[in-house]
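In: Take a look and give me a structure for this.
(one chain, ligands or ions: 1)
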Amino acid sequence: MASFIPVSDQSDFSFFNLPWGAVRWTDDSVHLATRIGDTVVSFKKLRAAGFLASFPELENETFNAFIDRGTAAWSAVRAEVSGLYAEGSAWEANAKRGTCEQPAAAVEALLPVHIGDYTDFYASRQHATNVGMMFRDPENALLPNWLHLPVGYHGRASTVAVSGTDVVRPNGQRKGPNDPAPVFGPSVKMDFELEVGIILKGGPRDASWIPVDTAEDHIFGLVLFNDWSARDLQQWEYVPLGPFLAKNFASTMSPWIVPYEALLSSRCAGEDQSNPAPLPYLQQNRAGSHWDLELEVAIVCADGSETVISQSNAKYLYWSFAQQIAHHTINGCIIQSGDLMASGTISGNEPGSYGSMLELTWNGSKPITLANGGKRAFLEDGDSLILRGWSTGKTRIGFGECRATLLPSKPWSK
Ligand code: MN
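Out: Okay, the predicted model is just below:
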């Protein structure tokens, strides 16, 4: 099915995507919206024109209340918008249509959900192995628990920002293995992390859990996620309780939440998990447990030159999103609608598919050469980092850019 709005084959926002977004409309108010190609369609304006009558939550400034309504409501809105914008629809010639639409370039994309809590997992085996080799012991890179449970930590929702928001290099403590004492100053090992995140529907509040087999009913949609990391701060602080100030200064999220339903045709098998088999509460049919989504990372230097530094795929995750959700809630932890869970850095098996500078340059020992001849061991002030992702099926369904520019640290004074 095609729309009467023309969409380029190369657009991430094909008619079947219909992503969930929030934008600052031309009158400065905040509208929940979707987009078809480069045309943004306001849900608030569609309701004013008499459509989407059963969904008053779409007049809010975030999707949280709408997410609470669950999969049937999400599907119903997609079906109604699809019908409205399909070729042959009478809506094409309706005089009210113009009030509902704006070119994407005319509106500012905002964070589409209030994120109450953000959790970051560590679900890529290659990434966990690489970090273990560099930070600990090459002989025992993967810790004994890793193949038995999806390792994660509670992140910080306050500093999750929408794509386009600048990131300031953090100050903090670092101490290299050969330094006699810790030193304070701007991080000298600024890094990105290539991740895919899910936006969730809330779970039970009675100390029960979300079972692995129905966990995907809680996935409103997927986003690209850059979990900015200061590796020098991380290496000094992370034992014994895990990431803290090395991570919580900034994370960047792509603005358009790609609906779970739009990505069903991108399902693929996950890695074999028979050795060791997970405990029963984590056992899942592996046939369609993962997503085949191409991922790409680029650095754009201050001179505007771009270099693609990694090409990866979401299918390289060992633990699926359903397993992450099931594990997160097995103890009675409450998930609220709008919560964000990110996969952890996604690294493929080949060096060109690693999802961080830490791995791509092997902790700075093998700098990358950029298109303009420059070298990078880690990121420099003025660098912009872009994540991109899209489905591999016949119709492209993508995320748009997850982009942010690194600014110099703030001078510290007491
Ligand atoms: Mn991370």
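
In: Now do the contacts for the residue in the stretch 101-250 of the chain that the ion sits nearest to.
Out: For the stretch 101-250 of the chain, the residue closest to the ion is residue 227, as judged by C-beta to the ion, at 3.4 Å. All C-beta spots, glycine's among them, are computed from the backbone N, C-alpha and C. Residue 227 sits next to 120, 155, 192, 193, 195, 247, 251, 342, 344, 345 when contact means C-beta atoms under 8 Å, 6 or more residues apart in numbering.

In: Apart from its neighbours in sequence, what residue is nearest it?
Out: Counting by C-beta to C-beta, 6 or more residues apart in numbering, residue 227 lies nearest to residue 193, which is 4.0 Å off, once chain neighbours are set aside.

In: That neighbour is in contact with residue 355, isn't it?
Out: Yes - Residue 193 is within contact range of residue 355, at 6.2 Å (criterion: C-beta atoms under 8 Å).

In: Show me whatever sits in contact with both of those two.
Out: residue 345.

In: mind giving me the domain ranges of this protein?
Out: 21-110, 118-407 (automatic domain parsing).

In: From the chain's centroid, how far away is the shortest one?
Out: Between the mean C-alpha location of domain 21-110 and the chain-wide mean there is a distance of 22 Å, by C-alpha atoms, centre = their mean, to the nearest Å.

In: Span of it from start to end?
Out: 8 Å (C-alpha to C-alpha, to the nearest Å).

In: Then the last one?
Out: With C-alpha to C-alpha as the measure, domain 118-407 spans 24 Å from end to end.

In: can you check stretch 122-140 too?
Out: 17 Å.

In: Between residue 193 and residue 355, point out the one with more neighbours.
Out: Taking other C-beta atoms under 10 Å, residue 193 and residue 355 do not tie; residue 355 has more neighbours (29 against 26).

In: Surely that one and residue 127 touch.
Out: Yes - judged on C-beta under 8 Å, residue 355 makes contact with residue 127 at a distance of 6.2 Å.

In: which regions of the stretch 251-400 of the chain sit below the pLDDT cut-off?
Out: Within the stretch 251-400 of the chain, no stretch has pLDDT under 70.

In: What's the local residue count around whichever residue of the stretch 251-400 of the chain sits closest to the ion?
Out: When scored by C-beta to the ion, the stretch 251-400 of the chain has residue 344 as its residue closest to the ion, at 5.0 Å. Residue 344: 28 surrounding residues under other C-beta under 10 Å.

In: thinking again about what came up before, now, of the domains of the chain, which is deepest in the fold?
Out: domain 118-407 (a mean of 19; mean count of other C-beta atoms under 10 Å).

In: A helix includes residue 79, no?
Out: Yes - counting by DSSP: H, G, I helix; E, B strand; the rest coil, one finds residue 79 located in a helix.

In: gap between it and the ion?
Out: 35 Å (C-beta to the ion, to the nearest Å).

In: need the residues of this structure near the ion, please.
Out: Residues of the chain found near the ion (C-beta under 5 Å from the ion) are 120, 193, 227.

In: for these, which one is nearest residue 404?
Out: Nearest to residue 404 among those, counting by C-beta to C-beta, is residue 227 at 11.6 Å.

In: Show me where the stretch 51-200 of the chain has its strands.
Out: 101-103, 108-110, 118-121, 152-154, 160-162, 167-168, 171-174, 183-186, 190-191, 194-200 (DSSP state E, counting those that start in this stretch).

In: what does the first one rub up against?
Out: Taking contacts as C-beta under 8 Å, 6+ apart, the residues outside strand 101-103 that touch it are 23, 25, 26, 38, 39, 40, 41, 42.

In: Then the second one?
Out: Where contact means C-beta under 8 Å, 6+ apart, the residues beyond strand 108-110 that reach it are 21, 22, 23, 24, 30, 162, 163, 164, 255, 256.

In: Show me what the helix or strand encompassing the second one is packed up against.
Out: What it means is residue 22. Counting by DSSP states H and E, the element that carries residue 22 is strand 21-24. Strand 21-24 sits against strand 30-36, strand 39-42, strand 108-110, with contacts defined as 3 or more C-beta pairs under 8 Å, 6 or more residues apart in numbering; DSSP states H and E.

In: can you give me phi and psi for the nearest residue to residue 351 once chain neighbours are set aside?
Out: Among residues not flanking residue 351 along the chain, residue 360 sits closest, at 7.0 Å (C-beta to C-beta, 6+ apart). In terms of degrees, to the nearest 10, the main-chain angles of residue 360 are phi -60, psi -40.

In: wait, residue 360 sits on residue 354?
Out: Yes - counting by C-beta under 8 Å, residue 360 sits close enough to residue 354 to count as a contact (4.9 Å).

In: tell me, what's touching these two both at once?
Out: Common neighbours of residue 360 and residue 354 (C-beta under 8 Å, 6+ apart) are residue 310.

In: Just the CA trace of stretch 310-323, in CSV.
Out: The C-alpha coordinates for stretch 310-323 follow below in CSV (Å, rounded to 0.1, in the frame of the first residue of the first chain):
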residue,chain,number,x,y,z
SER,A,310,31.4,1.2,12.1
GLN,A,311,28.8,-0.9,10.4
SER,A,312,26.9,-3.3,12.6
ASN,A,313,23.5,-4.9,13.1
ALA,A,314,21.1,-5.3,16.0
LYS,A,315,21.0,-9.0,15.5
TYR,A,316,24.4,-9.3,17.1
LEU,A,317,22.8,-8.9,20.6
TYR,A,318,23.0,-12.1,22.6
TRP,A,319,20.2,-11.4,25.0
SER,A,320,16.9,-10.3,23.3
PHE,A,321,14.8,-7.4,24.4
ALA,A,322,12.1,-9.9,25.7
GLN,A,323,14.8,-11.5,27.9
